[in-house]
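J.: build me a model from this:
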Amino acid sequence: MGGAGGSIVRRVATLGVNIDHVATVRQARYREMQGHPNAEPDPVEAALAAVRGGALGITAHLREDRRHIQDRDIFELKERVGVKLNLEMGISEDIVGVALRVRPEDVCLVPENRQEVTTEGGLDVAGQLEALKRVVAVLRGAGARVSLFVDPDGGQLEAAAETGAEFVELHTGAYANAFAEARAVELKKLMGGAECALALGLRVNAGHGLNYKNTQAVLALPGLEELNIGHSIVSRAVAVGMEQAVREMCAILARG
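T.: This is a model prediction of the structure:
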């Protein structure tokens, strides 16, 4: 839109940093020694460094099996980090109970498979619509903004709109893992998914598999408000530190 001087104002997508993989490294050694004073690295300290680097949100997935992030991590993140907490979670009664105690600003409902290393696909919203409606209502009633992690599929997006969720987070994994011409096809699907979501009255976030090379193109998604990126930033942080890794990703988002 043009301002008084004729300049164009555009939205810059914000960055949420997922710190799950920091906890994965800790749990590799200290899983059976919960709360040990030597337990490291600390995902909360990593989150604080990410904020210093420019992250405007911190994302963490509390799984039913507690394979990486622990309950105490979530409570500490909410207490100490100072930017919005985006809690990724399934819809089990146990996890919903934690969310209601923590009261994160954002919740992203995701599928969970105990055999997967990381979330492998979008939520089947249409297949569990009534259950999702109930959970979305409870979480929104507690003050959370609720997002559903979905593939860019028209049927799933229509179902997402029925749940009462405010956002969808488009699953970018197929795009991120594709090569050459196939990547262009997947990007087109994401574009269509974003347009469909907006037409349905949903707001748009995106994430999964994004890195320092493939993120730029995703920034063209219509209405994109936030990207949630974890593994690539944590991997880069091994070499340059978390603050610098986040600054480098923020610079990509700023260039649009």
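J.: and Pro111, helix, strand or coil?
T.: Here Pro111 is coil, with the state taken from DSSP: H, G, I helix; E, B strand; the rest coil.
J.: look up how far Val107 lies from the nearest residue to Ala131 once chain neighbours are set aside.
T.: Excluding its sequence neighbours, the residue lying closest to Ala131 (Cβ to Cβ, 6 or more residues apart in numbering) is Ile91, at 6.2 Å. Every residue, glycine included, has its C-beta placed from N, CA and C. Relative to Val107, Ile91 is positioned 10 Å away (Cβ to Cβ, to the nearest Å).
J.: okay, these two: which has more neighbours?
T.: Val107 (28 against 20; other Cβ atoms under 10 Å).
J.: describe which strands the helix or strand encompassing that one pairs with in its sheet and in which direction.
T.: Using DSSP states H and E, Val107 sits within strand 106-109. If you go by DSSP bridges, strand 106-109 pairs up with strand 84-89 (parallel), strand 145-150 (parallel).
J.: as JSON lines, the ones you listed with distance to Glu243 would be great.
T.: Shown next, in JSON lines, are these (distance: least, Cβ to Cβ, whole Å):
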{"stretch": "strand 84-89", "distance to Glu243": "19"}
{"stretch": "strand 145-150", "distance to Glu243": "27"}
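J.: among those, which comes closest to Gln244?
T.: strand 84-89 (22.4 Å; Cβ to Cβ).
J.: go ahead and name everything in contact with that closest one.
T.: When contacts are defined by Cβ atoms under 8 Å, 6 or more residues apart in numbering, strand 84-89 is touched by residues 16, 18, 56-62, 74, 77-78, 95-96, 98-99, 102, 104-110, 119, 147, 149, 228.
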